[in-house]
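Novice: attaching a predicted model along with its sequence, questions to come.
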Amino acid sequence: MYHMKTPSDNGSNQDGKISNSAQKKKDKFLRILLLVLIIFIGAGERSAQAETIQFLGDYYSPKHVLVKRRENNKKINVFSGLSEILLNTTYNVANFEGTVTSWLKSQHLGKTYLLNMPPSAISQLPSAHINAVTLANNHSMDFGSQGLFDTLASLRNLRIKTAGVGYNINEALKPMVLGTKYGNVCILAFSRTLPTEFWAGPNKAGTANLNFTKTADHIKKTSTQCLVTFVSYHWGAEQENKAKAYQYKLAKLSIDAGADAVIGHHPHVLQEIEIYKNKPILYSLGNFVFGTRPRHSKQEGMAAKFHIGEKGITAMELTPLSVNNNSVNFVPTLFAKKEKADHFDPPRHCKLVAAVSYQKYHCTL
């Protein structure tokens with residue numbers, strides 16, 4: 001008996017073509033459906049993640065750290081010891097202490113320390129998830145307005161947000177705006193350090209500096225436009241673990257004007273942590289990554305991470321950093337729980353986090 005082929009026996013007839021076409025359409029539909037599910041699930045995971053902003057102290061990576069320090073002919077990653085806290089944060093904000101410029105003519109020949117860094121000091125920031133910096137400090141203008149402009153251009157080319165400096169005082173006073181799913185977080189940065197020639201004016205580039213009354217007015221105006229307002233000050237005395245009287249006054253004035261938290265740096269060591277009207281004041285975060293060796297001085301550091309919710313700051317995490325370069329050799333690390341972190345004194349209601357191997361304190365606000 002001969003077998004007669006039916007249309008389903010091969011793909012060369014019209015019915016076979018229709019079947020293959022239908023299968024292709026089905027496969028395409030399934031691929032699109034899978035892609036939509038992946039996007040939807042990913043969006044759900046992102047929405048479930050906490051929005052966090054972490055502040056770090058002074059950052060300065062000179063050439064001798066980034067170029068000459070090598071192991072097996074490979075450059076050292078100065079952030080490698082802190083990756084656990086840097087990579088798990090929405091925004092990391094450091095104080096960028098210096099310039100990146102080839103214009104090395106300073107108008108301040110009497111200034112003892114002039115800080116300049118190679119281009120890699122900026123290009124390495126994104127890999128460490130450092131996506132924002134403040135520049136209102138006593139080194140941003142070490143090489144004049146041209147040095148400042150070169151530094152700003154390099155940072156902005158990598159989409160690193162900046163605050164505290166500008167082509168004039170109006171630009172220097174503009175807040176850094178960080179977007180979150182709950183609303184905008186604003187950061188104002190001011191310098192309370194010398195020389196006064198570094199301060200911006202109506203037609204002069206430089207750092208943001210206002211008197212106390214105008215500072216409070218500016219904070220009040222900014223805070224009405226933002227879910228959360230952080231105010232950063234470069235202030236105080238170097239190597240002093242106790243804040244000066246004007247720091248206490250200005251910090252509380254800032255909170256009263258609408259700041260949700262006050263962040264300080266410049267002393268290169270830690271200073272007090274205070275909760276005022278249920279809002280944190282960190283008078284000095286000390287150093288983050290700073291390329292000098294202490295001879296007759298101290299080097300201390302801390303990271304402060306803030307959790308953002310629908311109504312503002314919900315919690316704060318404090319992590320002491322081991323930054324003494326005589327010990328860590330320019331690669332800061334985290335303190336083990338049994339190690340002593342000098343002058344790190346978290347508020348009493350903050351609890352040591354048991355789930356991590358390093359020192360971290362969780363503070364409900």
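Specialist: The structure has been received and is ready for your questions.
Novice: the closest residue to residue 119 other than its chain neighbours: neighbour count?
Specialist: Nearest non-adjacent residue to residue 119, counting by Cβ to Cβ, 6 or more residues apart in numbering: residue 100, 5.8 Å away. Placement of C-beta: from N, CA and C, glycine included. Residues near residue 100, counting by other Cβ atoms under 10 Å, number 22.
Novice: tell me how far residue 100 lies from residue 129.
Specialist: 19 Å (Cβ to Cβ, to the nearest Å).
Novice: check residue 114 too.
Specialist: With Cβ to Cβ as the criterion, residue 114 and residue 129 are 29 Å apart.
Novice: mind checking the end-to-end distance for stretch 63-77?
Specialist: 13 Å (Cα to Cα, to the nearest Å).
Novice: that one - what's its average pLDDT?
Specialist: Stretch 63-77 comes out with an average pLDDT of 65.
Novice: pull out the buried positions in stretch 84-102.
Specialist: Neighbour-count burial for stretch 84-102, with 16 or more other Cβ atoms under 10 Å as criterion, is recorded at 85-86, 89-101.
Novice: quick check, nearest of the residues you listed to residue 285?
Specialist: Nearest to residue 285 out of the buried residues of stretch 84-102 is residue 95 (Cβ to Cβ; 8.0 Å).
Novice: residues touching the nearest residue to residue 96 once chain neighbours are set aside, list them.
Specialist: Take residue 96 and drop its neighbours on the chain: the residue closest to it by Cβ to Cβ, 6+ apart is residue 133, 4.0 Å away. Residue 133 sits next to 59, 93, 94, 95, 96, 125, 155, 160, 161, 162, 163 when contact means Cβ atoms under 8 Å, 6 or more residues apart in numbering.
Novice: list the ones among those that fall in strands.
Specialist: 59, 93, 94, 95, 96, 161, 162, 163 (DSSP state E).
Novice: save those as CSV, and put in distance to residue 202 and pLDDT too.
Specialist: Shown next, in CSV, are these (distance: Cβ to Cβ, whole Å; pLDDT from 0 to 100):
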residue, distance to residue 202, pLDDT
59, 30, 98
93, 28, 98
94, 29, 98
95, 26, 98
96, 25, 98
161, 24, 98
162, 20, 98
163, 19, 98
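Novice: redo the contacts of residue 133 as CSV? Include distance to residue 200.
Specialist: As requested, the contacts of residue 133 are exported to CSV (distance: Cβ to Cβ, whole Å):
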residue, distance to residue 200
59, 21
93, 20
94, 21
95, 17
96, 16
125, 24
155, 17
160, 20
161, 18
162, 13
163, 13
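Novice: helices of the chain, start to end?
Specialist: 14-48, 63-66, 83-86, 120-123, 144-157, 169-172, 212-223, 245-257, 325-328 (DSSP state H).
Novice: which of the ones you listed has the lowest mean pLDDT?
Specialist: helix 14-48 (a mean of 55).
Novice: quick one: residue 146 from residue 113, how far?
Specialist: 19 Å.
Novice: swap in residue 314?
Specialist: Residue 314 is 40 Å from residue 113, by Cβ to Cβ.
Novice: burial check on residue 207, number of neighbours?
Specialist: 27.
Novice: that one contacts residue 199, correct?
Specialist: Yes - when contacts are counted by Cβ atoms under 8 Å, residue 207 is listed as touching residue 199 (5.8 Å).
Novice: overlap in contacts, those two.
Specialist: residue 191.
Novice: returning to what we had before: what is the residue nearest to residue 96 paired to in the beta sheet?
Specialist: Beta-bridge partners recorded for residue 133 (DSSP bridges): residue 94, residue 162.
Novice: report pLDDT for it.
Specialist: 98.
Novice: do the same with residue 296
Specialist: 78.
Novice: tell me the spacing between it and residue 122.
Specialist: 31 Å.
Novice: compare those two (neighbour count), which wins?
Specialist: Under the criterion of other Cβ under 10 Å, the comparison of residue 296 against residue 122 puts residue 122 first, with 21 against 5.
Novice: okay, that one and residue 169: tell me how far apart.
Specialist: For residue 122, the distance to residue 169 - Cβ to Cβ - is 25 Å.
Novice: residue 271 contacts residue 242, correct?
Specialist: Yes - the pair residue 271 / residue 242 is scored as a contact, 6.6 Å apart, by Cβ under 8 Å.
Novice: so for these two, which residue has more residues nearby?
Specialist: residue 271 (28 against 13).
Novice: neighbours around residue 52, how many?
Specialist: Residue 52, neighbours per other Cβ under 10 Å, totals 17.
Novice: contacts only, for it.
Specialist: 88, 89, 90, 91, 305, 306, 307, 308.
Novice: run the last query once more with 10 Å
Specialist: Contacts for residue 52 (Cβ atoms under 10 Å, 6 or more residues apart in numbering) come out as 88, 89, 90, 91, 92, 180, 305, 306, 307, 308, 315, 317.
Novice: and if you look at residue 89?
Specialist: Neighbours of residue 89 in contact, by Cβ under 10 Å, 6+ apart: 50-54, 56, 129-131, 303, 305-306, 317.
Novice: put the buried members of the residues you listed into a ChimeraX selection.
Specialist: In ChimeraX syntax, the buried subset of the contacts of residue 89 is picked out as below (16+ other Cβ under 10 Å):
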select :51,52,53,54,56,129,130,131,303,305,306,317
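Novice: burial of the nearest residue in space to residue 102 that is not next to it in sequence, as a residue count?
Specialist: Once flanking residues are discounted, residue 102 sits nearest to residue 150: 7.3 Å by Cβ to Cβ, 6+ apart. If you count neighbours by other Cβ under 10 Å, residue 150 ends up with 18.
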